[in-house]
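>>> have a look at this prediction, sequence included:
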Amino acid sequence: MAEPMTARPAPPRAGRDRQHPTYLAFLVHRISGLLLALFLPLHFWALGQALHGAAALEGFLRWTDTPLFKFADWGLVVLLALHLAGGLRVMALEFLGWRARQKDMVAASAGIAIAAAILFLLNVG
C-alpha cells in the first residue's frame, strides 16, 4: 500500500536569505575577487614599464605619488584585506563545518579587513 502524500513545507520567502550577514560576506568576497582580477592587467602593465627603460619606469613612479593614486592604492589594500578575510572565513567554514556563530565569523573577518585598511592608511603618507 502506498504511503499517504504529505505536503511539502513552504519554501522560504524570496529574498529573506539575502538579508543574512553571511550573504553580504559572500557578495563582498566575490566582488572583491572580481575587482582584484580586473586590477591584474594594470599591474602587469606597470611592471612592464621597467622593461622599457629607466625613464618610462621613473615616469610611472612619479605618477604613483599623486593623491589619486594613493587613494587607489589604499582601495587595493582594502580589497585585498576583504578578500583575504572572506577567504579565511570560507576556509573555516569548509574545514570546521557550519557553526551557529557564522555572524561572529563575518564580523571577525570584517574587523580584520577594516583593521588592515586603517593600519595601511595610517602608514601611507
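Arrived safely, thanks for sending. Quick caveat: nothing in here was measured; it's all calculated off a predicted structure.
>>> beyond the least confident helix or strand in the chain by mean pLDDT, next helix or strand please.
Using mean pLDDT, DSSP states H and E, helix 54-63 stands out as the lowest-scoring helix or strand of the chain, at a mean of 84. Counting by DSSP states H and E, the next helix or strand C-terminal to helix 54-63 is helix 67-96.
>>> that following helix packs against which elements?
Helices and strands touching helix 67-96, by 3 or more Cβ pairs under 8 Å, 6 or more residues apart in numbering; DSSP states H and E, are helix 21-48, helix 102-123. The way it works is simple: take the backbone N, C-alpha and C, and place the C-beta from them, glycine included.
>>> list the buried residues for it?
76-86, 89 (16 or more other Cβ atoms under 10 Å).
>>> do stretch 26-40 as well
Neighbour counts over stretch 26-40 (16+ other Cβ under 10 Å) mark 26, 28-29, 32 as buried.
>>> let me see the mean pLDDT of that stretch.
Average pLDDT, stretch 26-40: 93.
>>> how about stretch 105-117?
89.
>>> residues making contact with that stretch?
Under the contact criterion Cβ atoms under 8 Å, 6 or more residues apart in numbering, stretch 105-117 has outside partners 21-22, 24-25, 74, 77-78, 80-82, 84-86, 88-89, 92-93, 99.
>>> next: stretch 82-89.
25-26, 28-29, 32-33, 36, 105-106, 108-110, 112-113, 116.
>>> convert the C-alpha atoms of that stretch to PDB, please.
Output of stretch 82-89 as PDB, limited to C-alpha atoms (Å, rounded to 0.1, in the frame of the first residue of the first chain):
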ATOM      1  CA  LEU A  82      38.400  42.000   2.400                       C
ATOM      2  CA  HIS A  83      39.100  39.100   0.000                       C
ATOM      3  CA  LEU A  84      41.700  37.500   2.400                       C
ATOM      4  CA  ALA A  85      39.400  37.800   5.400                       C
ATOM      5  CA  GLY A  86      36.500  36.500   3.500                       C
ATOM      6  CA  GLY A  87      38.600  33.600   2.100                       C
ATOM      7  CA  LEU A  88      39.700  32.700   5.600                       C
ATOM      8  CA  ARG A  89      36.000  32.700   6.700                       C
END
